[in-house]
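J.: Got a sequence here, can you build the structure:
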Amino acid sequence: RPPNATTIPSILTLLQTEYDSILLELFDTRRALEETRRELSQALYQNDAAVRVVARLASERDAARDMVASWTASNTPNSQDDHITAGQKRRRTEEEEEEVGPKPPPALVEPELNTQKVTNIIPPEDLSAMKSKWKALSKSRRKRPPPPASHLNKDALLHFKLVDCKKLHKSSAKAGVMAMVVEVEEDVVV
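T.: Below is the predicted model of the structure:
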């Protein structure tokens, strides 16, 4: 027993200190565990992505080799290798690539373009049906009523003049009345 653990309060203080240090160590351990889990998860995602990229590249490589093999098979004048399997041909092309280098890709063939001219002419029967339908619908549409007699016409509005212009208050968010004209003779305010 240490000399300061002779009384009950000192033993309680010692236990409290030990308890605090164990809890602090547990907290640090859990935080390190969480950080390690996060790093492991990120590493696993990166590994998975790398595996997918490698698999895609391997499939592209195999497709390119098959394309080269079919190109070399179609360009040979005599086809004596009809009985050779695809795996043997692939190994053979790999050996040839090691000796000579990669073969050139097959020549691209331009697709034949359709040279027929497309016409956008509407047949006359359809055009007449469309016009008759347009006329029928135009008649059924609501017409704008003429302005009442109390409204001024365009010529009368040309005689108005600006009397005064007031600016709106700075705090107003929406535009309101920007100007007003009073025609005294006809009691009109615009």
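J.: State the distance from residue 46 to residue 54.
T.: Residue 46 sits 13 Å away from residue 54, going by C-beta to C-beta, to the nearest Å. No exception for glycine: its C-beta is placed from N, CA and C like everyone else's.
J.: now residue 27
T.: Taking C-beta to C-beta, one finds residue 27 at 41 Å from residue 54.
J.: Would you map the helices across the protein?
T.: 8-75, 86-100, 124-140, 154-158 (DSSP state H).
J.: worst average pLDDT in those?
T.: Mean pLDDT values for those show the minimum at helix 86-100, a mean of 55.
J.: how many neighbours does residue 31 have?
T.: Around residue 31 there are 10 other residues, counting by other C-beta atoms under 10 Å.
J.: just residue 63 next, same as before
T.: Burial measure for residue 63: 10 neighbouring residues, criterion other C-beta under 10 Å.
J.: now do residue 68
T.: Counted with other C-beta under 10 Å, the neighbours of residue 68 add up to 20.
J.: what does residue 70 give?
T.: Counted with other C-beta under 10 Å, the neighbours of residue 70 add up to 13.
J.: do you know how far it is from residue 62?
T.: To residue 62, residue 70 is 13 Å away according to C-beta to C-beta.
J.: Then residue 185?
T.: Here residue 185 is placed at a distance of 95 Å from residue 62 (C-beta to C-beta).
J.: do residue 135 as well
T.: 67 Å.
J.: try residue 147
T.: 80 Å.
J.: same question, residue 28
T.: Going from residue 28 to residue 62 by C-beta to C-beta gives 51 Å.
J.: go on, residue 14?
T.: Taken as C-beta to C-beta, the span from residue 14 to residue 62 is 71 Å.
J.: Compare those two (neighbour count), which wins?
T.: Set residue 14 next to residue 62 and count neighbours by other C-beta under 10 Å: residue 14 wins out with 14 against 11.
J.: Nearest residue to the more buried one in space, ignoring adjacent ones along the chain?
T.: Sequence neighbours aside, residue 5 is the residue nearest to residue 14 in space, at 5.5 Å (criterion: C-beta to C-beta, 6 or more residues apart in numbering).
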